[in-house]
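Undergrad: Fold the following and give me the result.
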Amino acid sequence: MPTITNVAGLLRSHTTYYVLIITLYGLLYGLDTASAAATLSLIKDRFKLNPLQLEYIGASTSLGAIPGLLIVIAIGSRCSRKAILLVDSIAYVVGFALVGAATNFTIYIAGRTILGVAHGVSTMIVPVYVGEISPKELRGLFITFNTAALNLGLPIGFALSMLLELKVDSSRWVFIVNGALSLAFAILIVIFVPNSPRDLIFRGKLEKAQLVIQKLNYPNAFSQDDAAKEVHVLAKNFDEDSKPKFKDLFSAGNLRALTISCVLQIAKQSSGFSALQYFSGYLFKLAGLSHGKILGQLPNLLLGSVQFIMAFGSLMTIDRLGRRKLLLVSSLAMAVGLIALGGSFVAITGFEQINKSQCEEYTRCGSCVLDSACGWAAEMGKCMIMQYSSDANTMVLSGSCHLHSTRDHVGSWLAVVSLILSLGAFALGLGSIPWVIQAEMFSQALRSKAGSVAAIVNWLFSYIWTVSFLQLAYVITLPVIFWLYATLLVSILFSVYWAIPETTGRTLEDIVDGISNEADHSTLDS
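TA: Numbering: from 1, shown residues only. Sure, this is the predicted structure:
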């Protein structure tokens, strides 16, 4: 059996390549997230958007994920994982086409909402699909490939936007390129990737499942008899669970697992990740470190690169350190980053609320440009109503701040370091481990339903925090909102951390039985 330390064995294993193809959907998510963040200013200028509309660009993706997941709940037990991903590819192609060709804000939002449907389905199905075809020793590693692919998509998306901006309108062409990649990935799935053997057994296709098991174990010697025995063991487990009902999720063992899954997703999104990711370019502009079409993308490119490196670190450690320890380290590191990020914006924006009747009342550039009616006159060092004067010295810089004082320099560079620390720490564990754990704690019959419920919670809280980000920044100020994220992350995580099972190195069936037995003992004790 190949292991993480046996690279040659991993490269020879068919399962490795199947997993890499499936997790390309994570790459699409990363590409889209980076493309949306990188082109946000261009879209704002093209459609003349106000702050609420800017928030809705990110929030519409989260909102669109929910109906997609409701569909998976309805059909997840009747359709194979492979079939669902192929339909998901169509949603990706249509969504990217609409966003790339949009001539008004309504069409753009329609495209982003359809992309949300696609993201919602893929973020739930991919971990389940991968978990079902992975050996127990490598399951955490392989499921984390999805997060690594997502984080690889971030620097690629930022770099692609930067390069396209040299020749064409990147706010259109970057999404068209992403749509073409979606189609290519669907073709790879059709040609190369088999259905999950557990999925096939669940549908009564035992002979096909036996052949797939032999493929998954190649190049290790795995005879027909060995494959037949494994099929028999899995089929026996499914016999007791062959007709799932939604209410089965609320039995003692399943309810405990579902609660853990949902609370982990709430903790993850309450860290502010979605808002920070979508508005990263906007925050860099407030910090005065994002000027020009090309150089303005460099902070985002650096951020995306660090996120990928940290996600790669997660690949190396998740099956050795364990899910629970890595989750704890990642979450605490992100909380520290968020506290520092709040401190940096004390220097950049202070605690000024964005509710002044006159632009001249703002004393900081950062708080000035947060108000969509105002802009910063750099040479004069004051906030003014949005306009362009005939005097070049009073030209208003509407979208970004220049650095002048020592306070501005310190705050800006601390903002860069702390934002990278926060999102890098997220990529190390908090971003992936909730998906890994929820893909491991449920029976075959309920896995897609339970995963969909937890994913709906994830996207619902993503929507809430993304759509409220700028409005909260106006009312309670940016420093306070970052400190709020840190407080919520730590408090919510510790409310459930004691109950999270360590699933490293255990079979899916053993994990489910263990949770069920613990729930039964708790019921008897009470």
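Undergrad: buried sites along stretch 348-364?
TA: By 16 or more other C-beta atoms under 10 Å, the buried positions in stretch 348-364 come out as 348, 349, 350, 352, 354, 356, 359, 362, 364. Any C-beta I mention is one placed from the backbone N, CA and C, and that applies to glycine too.
Undergrad: hang on, the fifth one in a strand?
TA: To tie it back to what came earlier, the one meant is residue 354. No: according to DSSP: H, G, I helix; E, B strand; the rest coil, residue 354 belongs to no strand; its state is coil.
Undergrad: ok, the closest residue to it other than its chain neighbours - contacts?
TA: If the residues on either side of it in the chain are set aside, residue 354 comes closest to residue 474, at 3.8 Å by C-beta to C-beta, 6 or more residues apart in numbering. By C-beta atoms under 8 Å, 6 or more residues apart in numbering, the residues touching residue 474 are 51, 353, 354, 355, 370.
Undergrad: In the stretch 201-350 of the chain, mark out all the helices, start to finish.
TA: The residue ranges that make up the helices of the stretch 201-350 of the chain, judged by DSSP state H, counting those that start in this stretch, are 206-217, 224-239, 252-270, 273-278, 280-286, 298-321, 323-348.
Undergrad: Of all the residues in the third one, which ones are buried?
TA: Buried positions in helix 252-270, judged by neighbour count with 16+ other C-beta under 10 Å: 253-254, 256-258, 260-270.
Undergrad: And for the first one?
TA: For helix 206-217, the neighbour count (16+ other C-beta under 10 Å) marks 208, 209, 210, 212, 213, 214, 216, 217 as buried.
Undergrad: Output the residues you listed in JSON lines, with pLDDT and distance to residue 433 appended to each entry.
TA: Below are those laid out as JSON lines (pLDDT from 0 to 100; distance: C-beta to C-beta, whole Å):
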{"residue": "208", "pLDDT": "90", "distance to residue 433": "32"}
{"residue": "209", "pLDDT": "89", "distance to residue 433": "29"}
{"residue": "210", "pLDDT": "89", "distance to residue 433": "33"}
{"residue": "212", "pLDDT": "89", "distance to residue 433": "27"}
{"residue": "213", "pLDDT": "87", "distance to residue 433": "27"}
{"residue": "214", "pLDDT": "84", "distance to residue 433": "31"}
{"residue": "216", "pLDDT": "83", "distance to residue 433": "24"}
{"residue": "217", "pLDDT": "69", "distance to residue 433": "27"}
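Undergrad: residue ranges with poor pLDDT in the stretch 351-500 of the chain?
TA: Residues of the stretch 351-500 of the chain meeting the criterion pLDDT under 70: 387-400, 402-409.
Undergrad: Tell me how this protein divides into domains.
TA: With domains defined by automatic domain parsing, the chain comprises 7-193+240-348+408-525, 359-402.
Undergrad: which of the ones you listed has the lowest average pLDDT?
TA: Within the domains of the chain, confidence is poorest for domain 359-402, with a mean of 71 (mean pLDDT).
Undergrad: Just the helices from the stretch 351-500 of the chain, written as ranges.
TA: 365-370, 406-425, 433-438, 444-467, 469-476, 478-496.
Undergrad: Would you tell me which of the ones you listed gets closest to residue 504?
TA: Between residue 504 and the helices of the stretch 351-500 of the chain, the shortest separation by C-beta to C-beta is 9.6 Å, and it involves helix 433-438.
Undergrad: tell me which of the buried residues of helix 206-217 is nearest to residue 23?
TA: Closest approach between those and residue 23, by C-beta to C-beta: residue 216, at 15.7 Å.
Undergrad: any idea how far residue 147 is from that closest one?
TA: Counting by C-beta to C-beta, to the nearest Å, the gap from residue 216 to residue 147 is 22 Å.
Undergrad: quick check, nearest of the buried residues of helix 206-217 to residue 418?
TA: residue 216 (43.0 Å).
Undergrad: what residues are up against the residue nearest to that closest one when sequence neighbours are not counted?
TA: Excluding the flanking residues, the one nearest residue 216 by C-beta to C-beta, 6+ apart is residue 15, at 4.9 Å. Residues in contact with residue 15, defined by C-beta under 8 Å, 6+ apart, are 133, 134, 135, 138, 142, 216, 217.
Undergrad: Phi and psi next, for the fourth one.
TA: Yep, that's residue 138 we're talking about. For residue 138, the backbone dihedrals (degrees, to the nearest 10) come out as phi -120, psi 10.
Undergrad: I'd say it and residue 319 touch.
TA: Yes: using C-beta atoms under 8 Å, residue 138 is in contact with residue 319, at 6.8 Å.
Undergrad: Need the buried residues of stretch 348-364 in a markdown table (columns: distance to residue 181).
TA: Shown next, in a markdown table, are the buried residues of stretch 348-364 (distance: C-beta to C-beta, whole Å):
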| residue | distance to residue 181 |
| --- | --- |
| 348 | 37 |
| 349 | 38 |
| 350 | 43 |
| 352 | 43 |
| 354 | 39 |
| 356 | 45 |
| 359 | 44 |
| 362 | 43 |
| 364 | 41 |
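Undergrad: Could you export stretch 153-164 as PDB, CA atoms only?
TA: Extracted C-alpha coordinates of stretch 153-164, given in PDB (Å, rounded to 0.1, in the frame of the first residue of the first chain):
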ATOM      1  CA  GLY A 153      -6.400  27.700  -8.200                       C
ATOM      2  CA  LEU A 154      -6.000  31.000  -6.300                       C
ATOM      3  CA  PRO A 155      -2.500  32.000  -7.500                       C
ATOM      4  CA  ILE A 156      -3.200  30.600 -11.000                       C
ATOM      5  CA  GLY A 157      -6.400  32.700 -11.100                       C
ATOM      6  CA  PHE A 158      -4.600  35.900  -9.900                       C
ATOM      7  CA  ALA A 159      -1.800  35.300 -12.400                       C
ATOM      8  CA  LEU A 160      -4.100  34.600 -15.200                       C
ATOM      9  CA  SER A 161      -6.100  37.800 -14.500                       C
ATOM     10  CA  MET A 162      -2.800  39.700 -14.400                       C
ATOM     11  CA  LEU A 163      -1.500  38.300 -17.700                       C
ATOM     12  CA  LEU A 164      -4.800  38.700 -19.500                       C
END
